[in-house]
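Trainee: Sequence and predicted model, in that order:
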Amino acid sequence: SAVISQKPSRDICQRGTSLTIQCQVDSQVTMMFWYRQQPGQSLTLIATANQGSEATYESGFVIDKFPISRPNLTFSTLTVSNMSPEDSSIYLCSVEDTTSGMTDTQYFGPGTRLTVL
Amino acid sequence: TQLLEQSPQFLSIQEGENLTVYCNSSSVFSSLQWYRQEPGEGPVLLVTVVTGGEVKKLKRLTFQFGDARKDSSLHITAAQPGDTGLYLCAGGGGTYKYIFGTGTRLKVLA
């Protein structure tokens, strides 16, 4: 299984500012995913980030609000831009397991808890 | 549109009791995963099921994938306080790649 770290683990930000979240994996992976988990809720996929191409965003999420970088096979960033209190959530990155032969299996980072005042 | 509905949404039981969590959809999934998430952490994979009718056991946890691959269940025998957490099912494959269920929050009281 992959070991995933995220920075920061938590942050409190002011309305109108932006925060960049980093996701580091201990092995090279093709696909990385970014999720949002609002308080008390399940996970919603924001976008899929593949190295060397533009991220693919899910319905309701746009690049201007959540720009994503994927400079190499072990790292990705998600920026939450022009934040409002409604952006207060846990943001999680995950990677797809490609070593066990089991498709559609993911490993998650510990998450970044964002509070916007 | 939420494609995976879990029930119950909340469950509080005494240590030693048995419980079943359900994950239902009108869509067919090529695979289905169950995760457990504890506060302050990301979801941790428990199991992946891929074959209709498949049953997998993980110690006191039994997972079943429906014959039509539209639903799944998680049964916990003799629940312990360490089982407390948010249980999430997730469907994979095709258009519905990585859709998470609504979640079941379990609390096991000592």
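Mentor: Alright, I've got the coordinates. Fair warning: this is a prediction, and the values are worked out from it, not measured in the lab. Numbering: from 1, shown residues only, chains lettered A, B, ... in the order given.

Trainee: export stretch B:63-76 as PDB, just CAs?
Mentor: What follows is stretch B:63-76, C-alpha atoms only, in PDB (Å, rounded to 0.1, in the frame of the first residue of the first chain):
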ATOM      1  CA  PHE B  63     -18.800  -8.300   3.500                       C
ATOM      2  CA  GLN B  64     -21.200  -9.300   0.800                       C
ATOM      3  CA  PHE B  65     -21.600  -8.100  -2.800                       C
ATOM      4  CA  GLY B  66     -25.000  -8.500  -4.200                       C
ATOM      5  CA  ASP B  67     -25.600 -10.900  -7.100                       C
ATOM      6  CA  ALA B  68     -26.500  -8.000  -9.400                       C
ATOM      7  CA  ARG B  69     -23.500  -5.900  -8.200                       C
ATOM      8  CA  LYS B  70     -25.800  -3.100  -7.200                       C
ATOM      9  CA  ASP B  71     -25.700  -3.500  -3.400                       C
ATOM     10  CA  SER B  72     -23.500  -4.600  -0.600                       C
ATOM     11  CA  SER B  73     -23.600  -5.300   3.100                       C
ATOM     12  CA  LEU B  74     -21.200  -5.200   6.000                       C
ATOM     13  CA  HIS B  75     -21.900  -7.300   9.000                       C
ATOM     14  CA  ILE B  76     -20.000  -6.900  12.300                       C
END
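
Trainee: What lies in contact with that stretch?
Mentor: B:18-30, B:32, B:34, B:46-47, B:49-57, B:60-62, B:83, B:87, B:89, B:106 (CB atoms under 8 Å, 6 or more residues apart in numbering or on different chains). Using the backbone N, CA and C atoms, a C-beta is placed for each residue, glycine as well.

Trainee: How far does it sit from its chain's centre?
Mentor: Mean C-alpha position of stretch B:63-76 versus that of the full chain (CA atoms, centre = their mean, to the nearest Å) differs by 8 Å.

Trainee: Is residue A:14 in contact with residue A:116, as I believe?
Mentor: Yes. Counting by CB atoms under 8 Å, residue A:116 is a contact partner of residue A:14 at 7.5 Å.

Trainee: okay, and the common contacts of these two?
Mentor: With CB under 8 Å, 6+ apart, residue A:14 and residue A:116 have common neighbours residue A:83.

Trainee: Tell me which of the two has more neighbours.
Mentor: residue A:116 (19 against 8; other CB atoms under 10 Å in any protein chain shown).

Trainee: show me which of the contacts of stretch B:63-76 neighbour chain A.
Mentor: B:30, B:50 (CB under 8 Å from any CB of the partner chain).

Trainee: Please pick the buried ones from the contacts of stretch B:63-76.
Mentor: Taking 16 or more other CB atoms under 10 Å in any protein chain shown as the criterion, what is buried in the contacts of stretch B:63-76 is B:19, B:21-25, B:29, B:32, B:34, B:46-47, B:49-50, B:54, B:61-62, B:83, B:87, B:89, B:106.

Trainee: Okay, buried residues for stretch A:46-65 please.
Mentor: Buried residues in stretch A:46-65, defined by neighbour count with 16+ other CB under 10 Å: A:46-49, A:51, A:55, A:57-58, A:61, A:65.
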